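K.L.:
test case, fold it:
(chains A, B, C and D)
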Protein chains: 2
Amino acid sequence: MASQRGEGEMNTTPAEPADRERARAIPEAAVARLAVYLRVLSGMADQGVNAVSSEELSQAAGVNAAKLRKDLSYIGSYGTRGVGYDVEVLVSHIERILGLTRNHSVAVVGIGNLGHALANYGGFPGRGFPVTALFDVDADLVGIPVGGIPVSHIDDITAVCVEREVSIGVIATPPPAAQSVCDRLVSAGVQCILNFAPVVLQVPDNVEVRKVDLAVEMQILSFHVARRADEAAGVSVGNNGLGVDGMVIRP
Amino acid sequence: MASQRGEGEMNTTPAEPADRERARAIPEAAVARLAVYLRVLSGMADQGVNAVSSEELSQAAGVNAAKLRKDLSYIGSYGTRGVGYDVEVLVSHIERILGLTRNHSVAVVGIGNLGHALANYGGFPGRGFPVTALFDVDADLVGIPVGGIPVSHIDDITAVCVEREVSIGVIATPPPAAQSVCDRLVSAGVQCILNFAPVVLQVPDNVEVRKVDLAVEMQILSFHVARRADEAAGVSVGNNGLGVDGMVIRP
DNA sequence: TACCGCTTGTGAACGCATGCACAAAGTCGG
DNA sequence: CCGACTTTGTGCATGCGTTCACAAGCGGTA
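P.N.:
Now for the predicted structure:
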């Protein structure tokens, strides 16, 4: 993942790692949860809550309290023992760590059903992610505004992305076009890609890709449906169901 | 571990107890990857490829070859040493394990931009997931067909879900409605939920929830953008308390 | 000030997942 | 039929992430 150079500066151990030094050490899984905490905290702030304990917050976020505290400890010690966390303080620190203090310009490629939906989200949930460019191959769509942004032709992708300083590219095209679109985004300098197309994208090491795959999600659920059905059918018989011919089943 | 028994069995094999025993032991992460392998394999099958090695398949799927073999080993030993895997055989076995041999009726709740997009996918990517019900609170939408399915009112959710044997519920509503919708789905007997609303759903233990959270995905990418920017800038950006972003370079 | 109860922050153990490396098992050419 | 080559399947070590448990630290109280 990414180009891992000598991760540290030799053996010089800094006494007090700066915030950003820390950022490098935050596990990916923790980052995802921090985003969830942030949303929950924002909701609390809107409701006038200004202090929260790890227990309360963890329940609202659907995680273990210890895990929450460890996650928060990755970004620093901003709680007060015996009391809890100040909501505002936590919000601002998480925002800082997640890089939400500045805006990230987003481009959506592929203005089909999904692209339409994404464009119309308008600034994306949570704000801070203004959609500044839309692209499609269909010439009939070019120029038509969707969600307030006029669609550009995909051939202009490089120029437009550079001009509007797009930092995140969203691919919502049909599968066959995805890799090609991805390549163009990369050559336009986009280093982060959110891919909705059911395709495994090949990218350079310095580009970060996250994928949202509907089919995979459905199939994972399908797996659990099947597993449940089997358990329901099998458990009722108990573990004596198999050993007809004396087969011994492990513990 | 139970050794292999059936050596002559091919596809269209009915589920057997031992296989199902296995299913329970497959790690969640592996299940997600199996779905990806399945897609890649299906593509290969369509192109007339009928044999593949773990090396080829792993590259196409973007994973380590050893990991791929281990993943496949969870579902059984269906490869031929010195040769590789038969594409058709692998496809059918993965489909069986993922429970794709039967259809899973899907209901989409919330026919806004996203719901529209989902409904129009028509049977969902990968097939096997027919959308059989759509719901919305808006009375004006009720009865209007979207993607060939007429929208039902959300108050009828229980009756309709039971009648159409919905096994997977997709929540595409605004955040405030999500929990309520979820509760109704659960009370209608739906045990698997795919949640697009940026909300942490509270469900009974016997219900499986997977969430697709746009905001979280964007924020994870944002984190990486920020991390990159910091690394590129050299060292670190200090930020204490209330200072917005004073650029302080520390040795 | 000294004590008490509460909550954070974290060291350490545990468990799961990843990657390596190799024996087992098959094919192919002679 | 045999030996060389190829590729699977997996035991094992490593690393990451989760969970536990508790000392440290803070506010409140007498």
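K.L.:
just the strands from chain A, written as ranges.
P.N.:
All strands of chain A, identified by DSSP state E, fall at A:51-52, A:79-80, A:84-86, A:106-109, A:131-136, A:145-146, A:149-153, A:168-171, A:192-195, A:208-211.
K.L.:
and the nearest residue to A:Asp136 once chain neighbours are set aside, how close does it get to chain B?
P.N.:
If you skip the residues right next to it in sequence, A:Asp136 has A:Ile111 as its closest partner in space, 4.3 Å away by CB to CB, 6 or more residues apart in numbering or on different chains. Glycine gets a C-beta too; all of them are placed from N, C-alpha and C. Here the criterion is CB to the nearest CB, to the nearest Å. By it, A:Ile111 lies 11 Å from chain B.
K.L.:
got the contact list for the closest residue to A:Val63 other than its chain neighbours?
P.N.:
Closest residue in space to A:Val63, ignoring its immediate chain neighbours: A:Arg33 at 6.4 Å, by CB to CB, 6+ apart. With CB atoms under 8 Å, 6 or more residues apart in numbering or on different chains as the criterion, the residues that contact A:Arg33 are A:Ala61, A:Val63, A:Lys67, A:Leu68, A:Asp71.
K.L.:
A:Ala30 too?
P.N.:
With contacts defined as CB under 8 Å, 6+ apart, A:Ala30 is in contact with A:Lys70, A:Asp71, A:Tyr74.
K.L.:
the same query, at a cut-off of 10 Å, please.
P.N.:
When contacts are counted by CB atoms under 10 Å, 6 or more residues apart in numbering or on different chains, A:Ala30 is found next to A:Tyr37, A:Lys67, A:Leu68, A:Lys70, A:Asp71, A:Leu72, A:Ser73, A:Tyr74, A:Ile75.
K.L.:
repeat that for A:Val160.
P.N.:
For A:Val160, the contacting residues are A:Ala107, A:Thr132, A:Ala133, A:Leu134, A:Phe135, A:Ser152, A:His153, A:Ile154, A:Val166, A:Ala188, taking CB under 10 Å, 6+ apart as the criterion.
K.L.:
quick one: those residues as JSON lines, columns for pLDDT and neighbour count too.
P.N.:
As requested, the contacts of A:Val160 are exported to JSON lines (pLDDT from 0 to 100; neighbours: other CB atoms under 10 Å in any protein chain shown):
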{"residue": "A:Ala107", "pLDDT": "97", "neighbour count": "25"}
{"residue": "A:Thr132", "pLDDT": "95", "neighbour count": "19"}
{"residue": "A:Ala133", "pLDDT": "96", "neighbour count": "22"}
{"residue": "A:Leu134", "pLDDT": "97", "neighbour count": "29"}
{"residue": "A:Phe135", "pLDDT": "98", "neighbour count": "28"}
{"residue": "A:Ser152", "pLDDT": "98", "neighbour count": "22"}
{"residue": "A:His153", "pLDDT": "98", "neighbour count": "15"}
{"residue": "A:Ile154", "pLDDT": "97", "neighbour count": "21"}
{"residue": "A:Val166", "pLDDT": "96", "neighbour count": "24"}
{"residue": "A:Ala188", "pLDDT": "96", "neighbour count": "17"}
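K.L.:
that'll do, ta.
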